[in-house]
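A.B. asks: predicted coordinates and the sequence they were generated for:
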Amino acid sequence: MPELPEVETVRAGLERWIVGRTIAAVDSLHPRAVRRHSPGAADLAERLIATTVVAVHRRGKYLWLSLDADTAGSDCLILHLGMSGQLLVSTPQAPDGPHLRGRIRFRDDGTQLRFVDQRTFGAMQLDALRTDGPSETPSSILHIGRDPLDPYFDDRDWIRRTRARRTTIKRALLDQSLMSGVGNIYADEALWRAKLHGDRPTASLSSTQLTTLLTDLRSVFGEALRAGGTSFDALYVDVNGQSGYFDRSLAVYGRAGEACRRCGKPISRAKWMNRSSYFCPGCQPRPRAVRKV
DNA sequence: GTTCGCACCTGAGCGC
DNA sequence: TGCGCTCAGGTGCGAA
């Protein structure tokens, strides 16, 4: 599933392949791919034609292409991969796959940008950039917090706001308004490294513990980035269709029943909010209030 | 205002 | 062989 390292890998690929190119045509091939663009697919295509991609930006799991022309009040194209989205740089001759949802063709008739998305949680949307402190952000994602690799991310502010929440630490990690980019996989990995159970109330954690968690989160992100991201199946690939290999380095996620690399106890898997949570019962004991008898 | 649960969606894997 | 169920999970929305 695309989380921060996977999205950043895609962003870097897009930067290499599409910056400086002018859009000639946009094909929207599935209504859900443009559901967040309320004027509809035809409007999206019409306003993108003849614009040039200036830069590719990312905040958390959101990508956006900055465009050179004022497209009637919108100056960027937001791209979100959802759970299974892929942005592929393909030759015009490459066959359409079964889950092709959108396609951007460029005036140079070279490679195309294809949006492939099996589960249709991803989306494309035109938006206007707004000043957001020291940088610019699309207006519709102003509520998304900065990610921990953002140079303007404020560690102390995140710690203060997290401790003020009346929730658990895993919920807080997945709350994209507090901090973006973290999904289920890297939340479990960072919590394992920090020896914290996901059900620990945020208010019970010290500043030191949260600082350690941030450090561990950044290190797991860095390692995953160097590995090109995590790929459990064919759902995540970079713009050239290549899989990352960080899944080989995961300590807990997807390893239920296997020995913890730190203490040797078998990794547990628990149902959590209609999904799974992986943790080591030895290194990450449940807090007393929710400890199962 | 904050927190939580659920729907959205598709295809692989599994049991019967 | 075919059917039905479960699972995967990011995001937005409504309810409490």
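C.D. replies: That came through fine. Numbering: from 1, shown residues only, chains lettered A, B, ... in the order given.

A.B. asks: give me the next element, helix or strand, following the helix or strand hosting A:Leu63.
C.D. replies: Element membership for A:Leu63, per DSSP states H and E: strand A:62-67. Following strand A:62-67 in sequence order, the next helix or strand is strand A:76-80 (DSSP H and E).

A.B. asks: now the angle from that next one to strand A:62-67?
C.D. replies: 160 degrees (axes from the mean of the first three to the mean of the last three C-alpha atoms, to 10 degrees).

A.B. asks: note down every partner strand of strand A:76-80 and its orientation.
C.D. replies: Strand A:76-80 has the following strand partners under DSSP bridges: strand A:62-67 (antiparallel), strand A:123-127 (antiparallel).

A.B. asks: Serialize those to a markdown table and add fields for distance to A:Leu77 and mean pLDDT.
C.D. replies: All C-beta atoms are positioned from the backbone trio N, CA, C, and that covers glycine. Below are the strands paired with strand A:76-80 laid out as a markdown table (distance: least, C-beta to C-beta, whole Å; pLDDT from 0 to 100):
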| stretch | distance to A:Leu77 | mean pLDDT |
| --- | --- | --- |
| strand A:62-67 | 4 | 94 |
| strand A:123-127 | 6 | 92 |
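
A.B. asks: right, and the ones you listed - which one's nearest A:His30?
C.D. replies: For A:His30, the closest of those is strand A:123-127, at 10.2 Å, according to C-beta to C-beta.

A.B. asks: what lines up beside the next helix or strand after that closest one in the sheet?
C.D. replies: Note on strand A:123-127: by DSSP H and E, the next helix or strand toward the C-terminus is strand A:129-132. Strand pairing for strand A:129-132, using DSSP bridges, gives strand A:135-138 (antiparallel).

A.B. asks: so which strand or helix has A:Tyr186?
C.D. replies: Going by DSSP H and E, A:Tyr186 is in helix A:184-193.

A.B. asks: and that helix, anywhere near DNA strand C?
C.D. replies: Yes: using C-beta under 7 Å from any atom of the strand, we find that helix A:184-193 touches DNA strand C at A:184-185.

A.B. asks: what about the strand holding A:Leu63, distance to the chain center?
C.D. replies: 14 Å (C-alpha atoms, centre = their mean, to the nearest Å).

A.B. asks: can you check stretch A:110-124 too?
C.D. replies: 15 Å.

A.B. asks: likewise for stretch A:192-205?
C.D. replies: From the chain centre to the centre of stretch A:192-205 is a distance of 22 Å (C-alpha atoms, centre = their mean).

A.B. asks: could you list the domains of chain A?
C.D. replies: A:4-141, A:155-279 (automatic domain parsing).
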